[in-house]
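Enquirer: 3D model of this:
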Amino acid sequence: MAARKLVLALSVIVAFFSGCDGFGSGAPAGACVTMRPGHMNAGSPVDPQNSTSPYSIVVGDKYTPGRNLSVQIVGPVFRGFLLQARRPGMTTPIGTFSNAPANTKTTQCTTADSSMTHANTNEKQNITLTWNAPSTGVGNVQFMATVAEQKVTYWMNIQSSQVMQASSAIFAKPAYYVIILCLLQSAYAVMN
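Expert: Next comes the predicted model:
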């Protein structure tokens, strides 16, 4: 009986420490704002790399409210990541993600599916993710990521270029429509 309790106690301790050491099934909720994964190595926090990231976020230069936009994380093989769309300078994710490719999943930071992360520590490389823009425009957005090559080697605050909100065709050039309206009014006044 004592041996069984000892085995159970050791199993709980091992499970506790292995769960605290890394996040193999996705970024923890605590990373949502800071983008810091909270990795531990031998009981000490692992700091991000100071070198230039070998990873980049590739995205188009415009998005249309209510439409999907492809976002790629490109670079060498990696094992974990957290990706969000944000207004430049803000920490709250906007929009949602969908159609998670293999070894990835959506996760909830502010709302359901507001971020993308890894589903496991399998190797990933040059993945394409689908971001769903909010149905009402929010102005420029920027994609932010943390990418972990492995538990002890990761880069934070990887930023895409800013993505501008595409204007609706009806409102793209309001001055043009005002001029047309004025010309029509003038023509109507001359005819009467």
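Enquirer: Below-threshold pLDDT in the chain: ranges please.
Expert: 1-26, 29-30, 168-192 (pLDDT under 70).
Enquirer: All the helices of it, residue numbers only.
Expert: 2-21, 31-34, 174-191 (DSSP state H).
Enquirer: Contacts for the second one, please.
Expert: For helix 31-34, the surrounding residues in contact (Cβ atoms under 8 Å, 6 or more residues apart in numbering) are 37, 38, 82, 84, 91, 93, 109, 110, 115, 146. (Each C-beta comes from the backbone N, C-alpha and C, glycine too.)
Enquirer: residues touching the last one, list them.
Expert: Think residue 146. Neighbour list for residue 146: 27, 31, 35-37, 48, 81-82, 154-158 [criterion: Cβ under 8 Å, 6+ apart].
Enquirer: can I assume residue 141 is in contact with residue 87?
Expert: Yes - contact status for residue 141 versus residue 87: in contact at 6.3 Å, counting by Cβ atoms under 8 Å.
Enquirer: Give me the more crowded residue out of the two.
Expert: The neighbour count for residue 141 versus residue 87, taken as other Cβ atoms under 10 Å, is higher for residue 141 (27 against 15).
Enquirer: From residue 120, how far out is that one?
Expert: Look at residue 141 and residue 120: by Cβ to Cβ, to the nearest Å, they are 28 Å apart.
Enquirer: How about residue 99?
Expert: Distance of residue 99 to residue 120, given as Cβ to Cβ: 18 Å.
Enquirer: Just give me how far the lengthiest strand in the chain sits from the chain centre.
Expert: As assigned by DSSP state E, the longest strand anywhere in the chain is strand 142-150. Remark: strand 142-150 is offset 8 Å from the chain centroid, using Cα atoms, centre = their mean, to the nearest Å.
Enquirer: In that strand, which of the residues would be classed as buried?
Expert: By 16 or more other Cβ atoms under 10 Å, the buried positions in strand 142-150 come out as 142, 143, 144, 145, 146, 147, 148, 149.
Enquirer: what's the answer for stretch 103-120, then?
Expert: Neighbour count says stretch 103-120 has 104, 105, 106, 107, 109, 113, 114, 115, 116, 117, 118, 119 buried, by 16+ other Cβ under 10 Å.
Enquirer: before we move on, what about stretch 64-83?
Expert: For stretch 64-83, the neighbour count (16+ other Cβ under 10 Å) marks 69, 71, 73, 75, 78, 79, 80, 81, 82, 83 as buried.
Enquirer: Just the CA atoms from that stretch would do, formatted as CSV, please.
Expert: Output of stretch 64-83 as CSV, limited to C-alpha atoms (Å, rounded to 0.1, in the frame of the first residue of the first chain):
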residue,chain,number,x,y,z
THR,A,64,-11.6,43.8,-46.6
PRO,A,65,-13.9,43.9,-43.6
GLY,A,66,-15.8,40.6,-43.3
ARG,A,67,-13.4,38.7,-45.7
ASN,A,68,-10.6,36.2,-45.1
LEU,A,69,-6.9,37.0,-45.4
SER,A,70,-4.1,34.5,-45.7
VAL,A,71,-1.3,34.9,-43.2
GLN,A,72,2.0,32.9,-43.4
ILE,A,73,4.7,32.3,-40.9
VAL,A,74,7.8,31.6,-42.9
GLY,A,75,11.3,30.5,-41.9
PRO,A,76,13.1,27.5,-40.6
VAL,A,77,11.4,24.5,-38.9
PHE,A,78,9.7,25.5,-35.6
ARG,A,79,7.6,23.7,-33.0
GLY,A,80,5.4,26.3,-31.4
PHE,A,81,3.8,29.7,-32.0
LEU,A,82,1.2,32.2,-31.0
LEU,A,83,-0.3,34.5,-33.7
